[in-house]
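Student: I'd like to go over a predicted model; first the sequence, then the structure.
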Amino acid sequence: MSNTRIAWLSPGDPPDAFPPVELALIEPDGLLAAGGDLSVARLLEAYRRGIFPWFDAGQPILWWSPDPRCVLVPTDLHLSRRFLRTLRNGREEISYDLAFDAVVEACAAPRKGQPGTWITAEMQSAYVELHRLGWAHSIEVWHDERLVGGLYGLAIGRLFFAESMFSGETGGSKIALAALCARLEENGFPLIDCQVASAHLMTLGARLMARREFSAVLADHAADRQRFDAWPADRRPARELLPALAEYGQ
């Protein structure tokens, strides 16, 4: 018999007081628990178990572990030849962790056809604190001094948990994702957790992974809670990514 009820957490519960992910609902897919808080300790425990928060303003905090999971192996990233030509000829630059707050704010901005955003002020504050402590990271894409793309997420052990990305100009988020994939592949990260599938992510090479398989990857690569700090400290031309991307899934 499938589970039909979710657990309710209080802010006073221990950070690891999540039920087993196997108890997540089938409909809506992956809803596991509600309540609790967005403290650093609880968020880190959640991600290490394959659980993430996702809720709208006015709702309680909702915790999810969908089955299957959307993931991206860095070397599976698919970028069109047209995009690579644009990258080669463009003036964009990339950086890491130089404008985390600005990337989160851009990701939280309302998008065309959407009434609001799930990146609430509470969520923004939580991830800014994770960034201050060295867990959350951003990749920025610049055209001159304008921020034209980026993404952010968490690096725990040797897994990256992507949260959101944005494009201020066409291709901005793709450049950010390419920069992330190149950096992670160079440092032995087996995959990026993309959480929930979208048509856009699937065209970029993402695939679905059964929750059981994803949990095994977590146990192998995120259990030690090691922070990943190997991020370049300077801005550099985005075209420098091309050698690293040459053998990716084109």
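Tutor: That came through, no problem. Numbering: from 1, shown residues only.
Student: ranges for the helices of the protein?
Tutor: 40-48, 81-89, 100-108, 121-132, 172-186, 199-203, 211-221, 242-245 (DSSP state H).
Student: okay, which residue is most central for the protein?
Tutor: residue 162 (0.7 Å; Cα atoms, centre = their mean).
Student: quick check: longest strand of the protein.
Tutor: In the chain, assigned by DSSP state E, the strand with the most residues is strand 146-156.
Student: Which elements pack onto it?
Tutor: helix 40-48, helix 100-108, helix 121-132, strand 136-143, strand 159-167, helix 172-186 (3 or more Cβ pairs under 8 Å, 6 or more residues apart in numbering; DSSP states H and E). Using the backbone N, CA and C atoms, a C-beta is placed for each residue, glycine as well.
Student: Now do the buried residues in that strand.
Tutor: By neighbour count on 16 or more other Cβ atoms under 10 Å, the buried set for strand 146-156 is 147, 148, 149, 150, 151, 152, 153, 154, 155, 156.
Student: residue contacts, the nearest residue to the last one once chain neighbours are set aside?
Tutor: Across the structure, with Cβ to Cβ, 6 or more residues apart in numbering as the measure, the residue nearest residue 156 apart from its sequence neighbours is residue 222 (4.8 Å). Under the criterion of Cβ atoms under 8 Å, 6 or more residues apart in numbering, the contact partners of residue 222 comprise 47, 48, 156, 157, 158, 159.
Student: With residue 128 instead?
Tutor: Counted by Cβ under 8 Å, 6+ apart, residue 128 has contacts 100, 101, 104, 136.
Student: Can I get the buried ones among these as something I can paste into ChimeraX?
Tutor: Here is the ChimeraX selection string for the buried members of the contacts of residue 128, based on 16+ other Cβ under 10 Å:
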select :100,104,136
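Student: can you tell me which two in the contacts of residue 128 are farthest apart?
Tutor: With Cβ to Cβ as the measure, no two of those lie farther apart than 101 and 136, at 10.8 Å.
Student: Most neighbours among the contacts of residue 222, which one?
Tutor: residue 159 (26 neighbours; other Cβ atoms under 10 Å).
Student: my read: that one touches residue 187, true?
Tutor: No: with contact defined as Cβ atoms under 8 Å, residue 159 does not reach residue 187; the gap is 11.4 Å.
Student: Please name the nearest non-neighbouring residue to residue 47.
Tutor: residue 161 (5.2 Å).
Student: quick one on the thing from earlier: need the max-distance pair from the buried residues of strand 146-156.
Tutor: Farthest pair in the buried residues of strand 146-156, by Cβ to Cβ: 148 and 156, 28.2 Å.
Student: tell me the most buried of the helices of the chain?
Tutor: Compared across these, helix 172-186 shows the largest average neighbour count, a mean of 24 (mean count of other Cβ atoms under 10 Å).
Student: what's it in contact with?
Tutor: Counting by Cβ under 8 Å, 6+ apart, 72, 74-75, 77, 79, 83, 87, 92, 94, 96, 139-141, 148-151, 160, 162, 165-167, 192, 204, 230-232, 238, 241, 244-245, 248 sit against helix 172-186.
Student: Could you tell me the angle between it and strand 146-156?
Tutor: If you take axes from the mean of the first three to the mean of the last three Cα atoms, to 10 degrees, helix 172-186 sits at 40 degrees to strand 146-156.
Student: Next, the angle from helix 172-186 to strand 159-167.
Tutor: 160 degrees.
Student: how far is helix 172-186 from where the chain is centred?
Tutor: 12 Å (Cα atoms, centre = their mean, to the nearest Å).
Student: domain parsing for this structure?
Tutor: 7-66, 70-245 (automatic domain parsing).
Student: Need the distance between the two termini of the first one.
Tutor: To tie it back to what came earlier, the one meant is domain 7-66. 15 Å (Cα to Cα, to the nearest Å).
Student: separation between the nearest residue to residue 149 once chain neighbours are set aside and residue 147?
Tutor: Closest residue to residue 149 apart from its sequence neighbours, by Cβ to Cβ, 6+ apart: residue 172 at 2.1 Å. The spacing between residue 172 and residue 147, counted by Cβ to Cβ, to the nearest Å, is 9 Å.
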